[in-house]
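In: Whatever this is, show me its structure:
(one chain, ligands or ions: 1)
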Amino acid sequence: MSALEAAFQEFIDALPDSGKEGILRCHPDLAGRDLHRGTLTPESHEEQGGAGLDSLDPSEASLMAQLNQRYKRRFGFPFIICAKMNDKGSILQQLKERVNKDHAEERAHGIEEVKKICHLRLQALTVHKL
Ligand SMILES: NC(=O)N[C@H]1NC(=O)NC1=O
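Out: Okay, the predicted model is just below:
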């Protein structure tokens with residue numbers, strides 16, 4: 001792990017729970033409005049598209065929208081998963097399971113997913129610079 005990545009992780013880990021949830025709330029929904037309107041960042045667009053979230057069939061899209069909404073209503077932050085380490089099937093499966101978990105457990109799980117996303121984004125930046 002690079003020193004930069006370690007510093008990001010230390011920063012995140014030192015935040016109070018409200019700050020951690022603030023970080024989770026900065027993330028766009030999976031297969032949400034931003035993806036459909038083309039207003040995602042290029043990184044998120046590539047991550048979500050790579051997992052097949054831009055080509056859900058109507059029943060998958062409706063299930064994803066319902067579960068995302070239920071998740072956000074229950075926890076107050078969006079469902080976060082490292083899309084590049086999953087595909088649409090595993091994302092839907094995990095969303096179904098995680099929507100029923102406990103609040104603190106999901107806060108911690110979301111933060112671990114943010115760290116994976118950060119790891120892959122930093123790696124991509126470093127590779128570009130070589
Ligand atoms: N909500 C959520 O997980 N968003 C994302 N995950 C990811 O890998 N890229 C995202 O935009």
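In: helices and strands of this protein: which one bottoms out on pLDDT?
Out: helix 33-37 (a mean of 84; mean pLDDT, DSSP states H and E).
In: Buried residues in that one, which are they?
Out: 34, 35 (16 or more other Cβ atoms under 10 Å). C-beta here means a position set from N, CA and C on the backbone, and glycine is covered the same way.
In: and it, how far out from the chain's middle?
Out: 15 Å (Cα atoms, centre = their mean, to the nearest Å).
In: close to the ligand, is the helix or strand just after that helix?
Out: As assigned by DSSP states H and E, the chain's next helix or strand after helix 33-37 is helix 42-50. Yes - counting by Cβ under 6 Å from any ligand atom, the ligand is contacted by helix 42-50 at 44, 47, 48.
In: Please identify which of those is nearest to residue 120.
Out: The closest of the residues of helix 42-50 next to the ligand to residue 120 turns out to be residue 47 (Cβ to Cβ; 8.1 Å).
In: so what pLDDT did the residue nearest the centre of the chain get?
Out: Geometric centre of the chain, nearest residue: residue 80, 2.9 Å, by Cα atoms, centre = their mean. pLDDT for residue 80: 97.
In: Please give the element, helix or strand, for it.
Out: Residue-wise, residue 80 maps onto no helix or strand under DSSP H and E.
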